[in-house]
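Q: compute the structure for the input listed below.
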Amino acid sequence: MTFVIATANMKGGVGKTTLTVNLATCLAKNHGKRVLIVDLDTQISATLSLMTPADFAKIRNEKRTLRQLIKRSILSDPQLTTTVSEAIRSYVCNVKGLSLLPGDIDLYDEYLVSEMLHRKAMHQGQVNFETTWNDFEKTLIQSILQPIAKDYDLIILDCAPGYNLMTRSALLASNFYLIPAKPEPLSLIGIQLLERRIAKLKETHKEDTPGGPNLLGIAFSLSGNVFSSRYYGQVMRRLNEDFSEAKLFKTRIPPDVNVSKAVDTFTPVVLSNPGTAGSKAFVLLAQEFLQKLSTSARIDQPPSKFALTSLDD
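A: Numbers count the residues shown, from 1 in each chain. Take a look at the predicted model:
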């Protein structure tokens, strides 16, 4: 069975994409998991962390990015099922089990979405446009993942900062969500805002998704500046008040210039420089991730929904 996990935070600059690509790489390389990264951010940071701009330009010209799949999903194209697998790149960075569904700098046309939903509501005689919108929001990402979900143990959705259509649809398609963060006041506000919006999202869709998505945990990347360190204790105390200890990852990603430099090689730091402090922390984070996932699945989800034995190494 497949677990779908969204990585999300209302605030940018918290190390979300860096955590996503390094976590996914460790899960595939060190734990033998079949992992798919789906880049839902129009900044395409996850995509460009794993391939060169020239390679991206080539597949974009060939229309083998997420944009084409989103368009087909919006239009309810029956050929969507057969085209999803064609867009996925396997053996990313020569790692067996690591795959990428590349993002795009232009994921969807807002006018096209509005026009299609209005037409659909009129055709169905929907007096309340909100019903049509909610149905679309629920199925947009699900329709793309459904044809290929069985091919993976884990699908990690790298969401854009904020709370746009793609992020909401990604959360509704997920079993769990992971919040990458920095122990800083603004990051704390981002966590609080995201939690409020997810609670409202779950309430809106409670009949369709009664069990989730549920918070897997909050994972911290530490900053090296004095300003942030002043607030570290204050922020962590507040988080301990708001969340149980089980929801806070013990592993912290330390400040490490090699993590940033790895972007220039289009390779995760756990591959390009595995001996560094940052790389070693991501290895530990992946182990803790699997432990939390196994525990959370047992506690938060119906026993029949997941094959738990596949998580334990």
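Q: return the set of buried residues in stretch 139-156.
A: 139-145, 148-149, 152-156 (16 or more other Cβ atoms under 10 Å). C-betas here are computed from N, CA, C, even on glycine.
Q: no wait, stretch 264-272
A: Residues of stretch 264-272 classed as buried: 266, 267, 268, 269, 270, 271, 272 (neighbour count, 16+ other Cβ under 10 Å).
Q: show me what the helix ranked longest in the chain is packed up against.
A: Counting by DSSP state H, the longest helix found in the chain is helix 277-300. Judged by 3 or more Cβ pairs under 8 Å, 6 or more residues apart in numbering; DSSP states H and E, the packing partners of helix 277-300 are strand 3-7, helix 16-31, strand 176-181, strand 214-221, strand 248-253, helix 257-261, helix 269-272.
Q: between those, which gets nearest to residue 167?
A: Comparing the helices and strands packed on helix 277-300 against residue 167 with Cβ to Cβ, the closest turns out to be strand 3-7 (7.5 Å).
Q: mind listing what's buried along the closest one?
A: Result for strand 3-7 [16+ other Cβ under 10 Å]: buried residues 3, 4, 5, 6, 7.
Q: quick check: the third one vs residue 77, distance?
A: Here the distance between residue 5 and residue 77 works out to 27 Å (Cβ to Cβ, to the nearest Å).
Q: try the last one
A: Relative to residue 77, residue 7 is positioned 28 Å away (Cβ to Cβ).
Q: before we move on, what about the first one?
A: Summarising the geometry, the distance separating residue 3 from residue 77, computed by Cβ to Cβ, is 27 Å.
Q: how about the fourth one?
A: Separation of residue 6 from residue 77 (Cβ to Cβ): 24 Å.
Q: phi, psi of the nearest residue to residue 242 once chain neighbours are set aside?
A: Nearest residue to residue 242, sequence neighbours excluded (Cβ to Cβ, 6 or more residues apart in numbering): residue 192, at 7.6 Å. The main-chain torsion angles of residue 192 are listed as degrees, to the nearest 10 and equal phi -60, psi -40.
Q: related to what we said a few turns ago, quick one: which two of the buried residues of stretch 264-272 are the most distant?
A: 266 and 270 (13.8 Å).
Q: could you list the low-pLDDT ranges of this structure?
A: 124-128, 210-211, 223-230, 299-313 (pLDDT under 70).
Q: so what's residue 22 up against?
A: Counting by Cβ atoms under 8 Å, 6 or more residues apart in numbering, residue 22 touches 259, 268, 269, 270, 279, 282.
Q: export those residues to TSV and append columns for distance to residue 199.
A: Output for the contacts of residue 22, formatted as TSV (distance: Cβ to Cβ, whole Å):
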residue	distance to residue 199
259	32
268	33
269	34
270	34
279	35
282	30
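Q: now do the helices in the stretch 101-250 of the chain.
A: 110-124, 129-145, 165-172, 185-204, 226-242 (DSSP state H, counting those that start in this stretch).
Q: against which helices or strands is the second one packed?
A: For helix 129-145, the elements it packs on are helix 66-74, helix 80-87, helix 110-124, helix 165-172, judged by 3+ Cβ pairs under 8 Å, 6+ apart.
Q: what do you get if the cut-off is 6 Å, keeping everything else the same?
A: helix 66-74, helix 110-124, helix 165-172 (3 or more Cβ pairs under 6 Å, 6 or more residues apart in numbering; DSSP states H and E).
Q: list the buried residues in the second one.
A: Okay, so that is helix 110-124. Buried residues in helix 110-124 (16+ other Cβ under 10 Å): 113, 116, 117, 120, 121.
Q: just how off-centre is it within its chain?
A: Counting by Cα atoms, centre = their mean, to the nearest Å, helix 110-124 is centred 27 Å from the centre of its parent chain.
Q: what lies in contact with it?
A: Identification of contacts with helix 110-124 by Cβ atoms under 6 Å, 6 or more residues apart in numbering yields 74, 129, 132, 136.
Q: just the buried ones from these?
A: Those of those that meet the buried threshold are 74, 132, 136, by 16+ other Cβ under 10 Å.
Q: how about a markdown table for these, with distance to residue 251 added?
A: Converted to a markdown table, those look like this (distance: Cβ to Cβ, whole Å):
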| residue | distance to residue 251 |
| --- | --- |
| 74 | 39 |
| 132 | 43 |
| 136 | 37 |
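Q: and the residues you listed, which is closest to residue 213?
A: residue 136 (18.0 Å).
Q: what's the nearest residue to that closest one if we skip its chain neighbours?
A: residue 117 (5.9 Å).
Q: how many other residues sit next to residue 29?
A: Other residues near residue 29 come to 22 when the count uses other Cβ atoms under 10 Å.
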